[in-house]
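Peer 1: I need the structure of the sequence given here:
(2 chains)
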2 protein chains.
Amino acid sequence: MSTRTSDSHREVTQMSTHEQTEMNTHEQADTGGTQQVSVGSERLTALGASLRLAVDGHYAEQRAHLRELLSADGTFLRDPSMSVAEARDWTRGAIQALVDRGRGGAGFPTSVGGDGHVAAAVADFESLALTDLSLTVKVGVHFGLFGGAIVSLGTDEQVQEFAPRVISLELPGAFAMTEVGHGSDVQSLETTITYEPDTDELVVHSPTPTSTKTYIGNAAEDARMAVVFGQLRVAGADHGIHAVLVPVRDSSGNPAPGVTTGDNGAKGGLDGVDNGTFRFEQVRVPRTMLLSRYGGVAEDGSYHSPIDNQNRRFFTMLGTLVRGRISVAGGAAQAARKALSIATRYGMQRTQFTAPGRDHEVVLLDYLAHQRKLLPAIATSYALAFAQDGLLQDLEAVQSKPAGERDQRAQRELETRAAGMKAVSTAFANDAIQTAREACGGAGYMAENGLTELRRDADVFATFEGDNTVLFQLVAKGLLTNYKEMWGDLDMFGMVQAAVRTFGGTVIERAAARPVVERIMATAQGRSESESVLERSWHIAMFEERERHVLDSLAQRMRTAGQDESKAFEAFNATQDHLLMAARTHTDRVILESFIAGIDRCEDEGTAEVLGRLCDLYALSSLAADRGWFQEHNRMSANRAKAIVPAINQLCQSLRPIALELVEGLGVPESLLGSAMLQD
Amino acid sequence: MSTRTSDSHREVTQMSTHEQTEMNTHEQADTGGTQQVSVGSERLTALGASLRLAVDGHYAEQRAHLRELLSADGTFLRDPSMSVAEARDWTRGAIQALVDRGRGGAGFPTSVGGDGHVAAAVADFESLALTDLSLTVKVGVHFGLFGGAIVSLGTDEQVQEFAPRVISLELPGAFAMTEVGHGSDVQSLETTITYEPDTDELVVHSPTPTSTKTYIGNAAEDARMAVVFGQLRVAGADHGIHAVLVPVRDSSGNPAPGVTTGDNGAKGGLDGVDNGTFRFEQVRVPRTMLLSRYGGVAEDGSYHSPIDNQNRRFFTMLGTLVRGRISVAGGAAQAARKALSIATRYGMQRTQFTAPGRDHEVVLLDYLAHQRKLLPAIATSYALAFAQDGLLQDLEAVQSKPAGERDQRAQRELETRAAGMKAVSTAFANDAIQTAREACGGAGYMAENGLTELRRDADVFATFEGDNTVLFQLVAKGLLTNYKEMWGDLDMFGMVQAAVRTFGGTVIERAAARPVVERIMATAQGRSESESVLERSWHIAMFEERERHVLDSLAQRMRTAGQDESKAFEAFNATQDHLLMAARTHTDRVILESFIAGIDRCEDEGTAEVLGRLCDLYALSSLAADRGWFQEHNRMSANRAKAIVPAINQLCQSLRPIALELVEGLGVPESLLGSAMLQD
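Peer 2: Numbers count the residues shown, from 1 in each chain, chains lettered A, B, ... in the order given. Sure, this is the predicted structure:
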């Protein structure tokens, strides 16, 4: 067990200087005599604290600060036995408490009183997910989606006018995009926004039953204003999807004239979020309520836009909202970390069955089967943490520039990565939370132990901000077109055509920020079968080979099948599972690279060694799942494939003694676990 | 599309004779012109009705009858927006409604007014799972666990005294086995049952905090009496686990003297079941309250039992309760069928994205990715249905004999199969319901659409009646010992020793009821690589090879590692994942055989052909998941492994046109789907 914390690991030393003398005191017995340090109000093992700093990445200080604020008292933990009505009330109070603590302006421009850091706001959102996911989603709906749409799609004047009232929570908002008939296919929304020159107004209208806005957070009770997406018509011409601000309730909470609100009622979770419906019956708003950064109506009633092509305009507008997907990916990953922290801590205290030749019962986490449930999931949580940190860096790099000056290719890569991470993280979270629930047996099913509400709440993360299957298709499209084609929603014909026209052999582009990957591969000459399956260069090679071959053969299949435009759907459809695998393997490769880069950044030798074992476990788990594919494609011998699972078992056993340190590293303070069984 | 219903298919013809003339009338447009028949109050496609008969198996008539009763009105469907208190009230009323309709005596001996068919009672339980799982579990707790324990463990006199009041619901009961400290390890329960000769009473006591009975259904509010499991002590001697009837509340609902009840409160689901705790403070009951079929105290205060060996007695007692696991397996499978029925029907009505070259949007289920989510799960549902039917046959065969005359080997095989089916079915159900939820997008997350409560409720099926990991270990133990060793809970040393001592190469024993499997294998000489992956004999061979090799190598590993008793735990632990695979592959092989036998029993050619394709899809899905293993062990060439996924895709596309028929066959009446979105 490695628990060294070198002096060079500045942050730990810095945070804990005045506590160093308290080491090895009363907690010694619980932690096998490892060093203890104070991090804020927490006592952690030195290794746990060091791992956490690595995991927290570029926003470590900010994450630490918000964790302290959130765990200071019970304000932000909800009693899971609340009714829907009580949960909504509680959530309303909790979001106000955040604003009261000055957290409303995160991510907003400094010109309106915000902190100006979009990516930092996502980091805040992630930390918030350690408390309650209803609160987190409500924050996301109001500040992120509603406020974010105003900031991204509005003119400077509109931002100045509305954003301060969003930050102060004076103007609770909704993001009204999804309709009964269309969720994934945003371009087909039916709501109409029609300019009327006579009154200089926009008429917002729901022309059909299927055009009803639904599943809209804040719609059922709280929203006073909504960003409503619909088809803009000016002087008889269609200009495609635009967003308009529509007051939906007056200050007493009564629906505005022509607006019908509905309540989605009981859901699979997120009880504290009042999801509901909007219908608009010829609702009139001033022309200036159209969010006009990418397209607006001038005083003379003419339409204008900086982007002529309607498709391109649509995708550009949607692209600016990429932060939502990144937030959902990060929030889901945090929920998984919380569940894994609960289950691992429980697995370290719970015993069952007496081992032969022993007089005491076996601790659950000493069983290999139990380790196999939790430790690979913990390793994946680490992997996702580094990838998410990289994604935040990319987001900051792209969005810190003014809208007109952004690198289009970087923007599309960001969207591709966000879509992939959202799909991978949310699917992982649902699996991991369920695994954690089952690993705690009957206790795991009791709401007071904190796992069942997590499971309920995180469930829909797989759906909102884009269905995961659709998102993977977007990733595949970005790859097939090498980010050259217009980005956006699912476009089957475009995807097939791109494969037919532009594809000429895949080159895996290692991200510029990953020189360490290049270095590892450059020094790994002459790989052979005798090499250990723990060799990092082999992991990289396998992840790259998998992505490259899947993508190449996908393009080949599409080229063969898609020459005929009338058969484009069949060509797309026949290769759909192949397409999903391309997206997944690409995302997995990016995640692995991020992990490797994160280890490289870690200055503490002992911590880096532990991260290395976690990276091995993550990589081998991924390779194990696809080892059928690797053998079929002659990328792996039978002997080598056979060696993977035993190596996974050994890694689990080697990580077992530092399980506490590993979950401390995941960054969930004990005071936020909200699990009665851990307080016994 | 094959929709033939041959005249020889008696049941369909019988049920629908007077309806044949109505065929191809108003529903024609919805079903592509296929034949329609009436089954009870339902209108089904002829193929759907025929598939359902095959799936319903040996209890078809009974299942059809109960389905009619349950779907007659809304009595048995619960509003998912109810609070926990409302749900408990509703469930209390619904169980009374069942008794009022004469359903209380299912499975009880005819001598006390029951119908005498244990397996038929399980079939009833399964059908009930199509309504509400809280109601189902509450029925299971009272009639199955509480009533079943009295019938199985009580003397004839005790059965005569108590069973009629169970059947009438006059004496609501609880099954108090699990304690805070021990769930899976029943032999280590701490509750004591001590005989006091002075008063001729038994003293039931909870000596420690961890001996508190917990998660006990009916304990929080309704139970008047409980079957309490504890360590029996008579005259200073320990006789191991026994069960005693303890009055826990008086007729006004007040706790009995010395009994403390508690409420587990909010759970992950099953809101209508009042789970709670019991503590006993020197609670005295008459000596005759000990359920004494397998061990009791005579009038003279001496202990007596027909089974001398304490271990053997314990396992025999527990073995009689096997029905609980079989019920849970069947209930979970029905919940999965309901979820798949909802998602498939939704997938047939929901459209999204316009295909290139078409002017209408694509129906979700026309996407290959959507088919891949739902159709293999439907195929697995069919497979599990046939396996469950076989399990009920086995249960009836074993338990229809008096307790003393039962075939011990058959009993152990039944327990093995029940454990395996419980683990496989409940894990499948959780996956399938989640898949169904996600396949319905945001709509799937709305409680009114019927999926989220299913997901919540079915979750714990993976835990109660035995944690799935522990159950698979029991299966492996049965296999390693070839059912020769004593059966029971996890016994690590016994398992390792059995492998060391008795194992001499595995012989896969095809169940006697499966001559068709022998026939297929006998005629399949000279299998070659050129053969289609759809060849049934190849599926059988692969399933058998997988099971045999995994089990052989497991025994070999244990023999090598387990010579030293002091290392028995390490030997057991190091092979735990291998052990779990042995259990799973065995169970999968039994399921495949059951499916094949079910097809063989189907007299209608068209129906059998469809079942054959479903069986292909089931078998190939299983082989695809393990194709890494098959290649590593030279059981499958790379080319053959590569051919599996394309074959799965083709099967999905071939089954897509009859998706409605397939879900009709799963036997969930439309009136029980409880899904608002399907009524639009």
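Peer 1: pLDDT weak spots in the stretch 551-680 of chain A?
Peer 2: Counting by pLDDT under 70, the stretch 551-680 of chain A contains low-confidence ranges at A:680.
Peer 1: residue ranges with poor pLDDT in chain A?
Peer 2: A:1-33, A:484-491, A:493, A:499-513, A:525-530, A:680.
Peer 1: Quick check: residues of the stretch 151-300 of chain A near chain B?
Peer 2: With Cβ under 8 Å from any Cβ of the partner chain as the criterion, the stretch 151-300 of chain A comes near chain B at residues A:178, A:182-185, A:188, A:214-215, A:264-269. Every C-beta, even on glycine, is put in place using the N, C-alpha and C of the backbone.
Peer 1: make it 10 Å
Peer 2: A:178, A:180-185, A:187-188, A:209-210, A:214-215, A:264-270, A:275 (Cβ under 10 Å from any Cβ of the partner chain).
Peer 1: Buried only: go through these for me.
Peer 2: Buried residues within those, counting neighbours by 16 or more other Cβ atoms under 10 Å in any protein chain shown: A:178, A:180-185, A:187-188, A:214-215, A:264-270, A:275.
Peer 1: re the thing from before, in strands only, show me the residues of the stretch 151-300 of chain A next to chain B.
Peer 2: A:T214, A:Y215 (DSSP state E).
Peer 1: isn't A:G357 right next to B:G562, touching?
Peer 2: No - with contact defined as Cβ atoms under 10 Å, A:G357 does not reach B:G562; the gap is 11.7 Å.
Peer 1: joint contacts of these two?
Peer 2: Taking Cβ atoms under 10 Å, 6 or more residues apart in numbering or on different chains as the criterion, A:G357 and B:G562 both touch B:M492, B:F493, B:A568, B:F569, B:E570.
Peer 1: In helices, which of these appear?
Peer 2: Under the assignment DSSP state H, the shared contacts of A:G357 and B:G562 contribute B:M492, B:F493, B:A568, B:F569, B:E570 to helices.
Peer 1: Go through the residues you listed and say which is closest to A:T469.
Peer 2: Nearest to A:T469 among these is B:M492, at 42.7 Å by Cβ to Cβ.
Peer 1: Contact partners for that closest one?
Peer 2: A:353-357, A:362, A:367, B:473, B:477, B:562, B:568-569, B:571-573, B:576.
Peer 1: before we move on, the earlier item: name the residue in A:G357 and B:G562 with the higher neighbour count.
Peer 2: For A:G357 and B:G562, the more surrounded residue by other Cβ atoms under 10 Å in any protein chain shown is B:G562, and the numbers stand at 27 against 14.
Peer 1: any idea how far B:M492 is from the more buried one?
Peer 2: 10 Å (Cβ to Cβ, to the nearest Å).
Peer 1: Please identify every residue contacting each of those two.
Peer 2: A:P356, B:A568, B:F569, B:A571, B:F572.
Peer 1: biggest separation within those, which pair?
Peer 2: Longest span within these, Cβ to Cβ: A:P356 and B:A571, 9.5 Å.
Peer 1: Between these two, which is the more surrounded one?
Peer 2: Between A:P356 and B:A571, B:A571 has the larger neighbour count (other Cβ under 10 Å), namely 25 against 20.
Peer 1: For the residue of the stretch 151-300 of chain A found nearest chain B, give me its contacts.
Peer 2: Relative to chain B, the nearest point of the stretch 151-300 of chain A is A:G268 (3.3 Å; Cβ to the nearest Cβ). A:G268 makes contact with A:455-457, A:459-460, A:463, B:80, B:437, B:444-447, B:449, B:451-453, B:455-456, according to Cβ under 10 Å, 6+ apart.
Peer 1: Could you do A:K567 as well?
Peer 2: A:K567 makes contact with A:V496, A:A561, A:N573, A:A574, B:P356, B:G357, according to Cβ under 10 Å, 6+ apart.
Peer 1: any shared contact partners between A:P356 and B:A571?
Peer 2: Shared contacts of A:P356 and B:A571 (Cβ under 10 Å, 6+ apart): B:M492, B:F493, B:M495, B:V496, B:Q497, B:G562, B:E565.
Peer 1: Pull the contacting residues for the residue lying closest to A:R406 once chain neighbours are set aside.
Peer 2: Leaving aside its chain neighbours, A:R406 sits nearest to A:V398 (5.8 Å; criterion: Cβ to Cβ, 6 or more residues apart in numbering or on different chains). Counting by Cβ under 10 Å, 6+ apart, A:V398 touches A:118-119, A:319-320, A:322, A:406-408, A:410-415.
Peer 1: go again using 7 Å as the cut-off
Peer 2: By Cβ atoms under 7 Å, 6 or more residues apart in numbering or on different chains, the contact list for A:V398 reads A:R406, A:D407, A:A410, A:Q411, A:L414.
Peer 1: Quickly check: the host helix or strand of A:N649 near chain B or not.
Peer 2: Here A:N649 is covered by helix A:638-655, with elements defined by DSSP states H and E. Yes - Helix A:638-655 reaches chain B (Cβ under 7 Å from any Cβ of the partner chain) through A:A638, A:A641, A:K642, A:N649.
Peer 1: Among these, which one lies nearest to A:I378?
Peer 2: Compare each of these with A:I378 using Cβ to Cβ and the shortest gap goes to A:N649, at 15.2 Å.
Peer 1: Give me every residue in the stretch 351-500 of chain A that's in contact range of chain B.
Peer 2: Counting by Cβ under 7 Å from any Cβ, the stretch 351-500 of chain A comes close to chain B at A:352-353, A:355-358, A:367-369, A:372, A:430, A:434, A:437-438, A:441-442, A:445-448, A:452, A:455-456, A:459-460, A:462-464, A:467, A:469, A:490, A:492-493.
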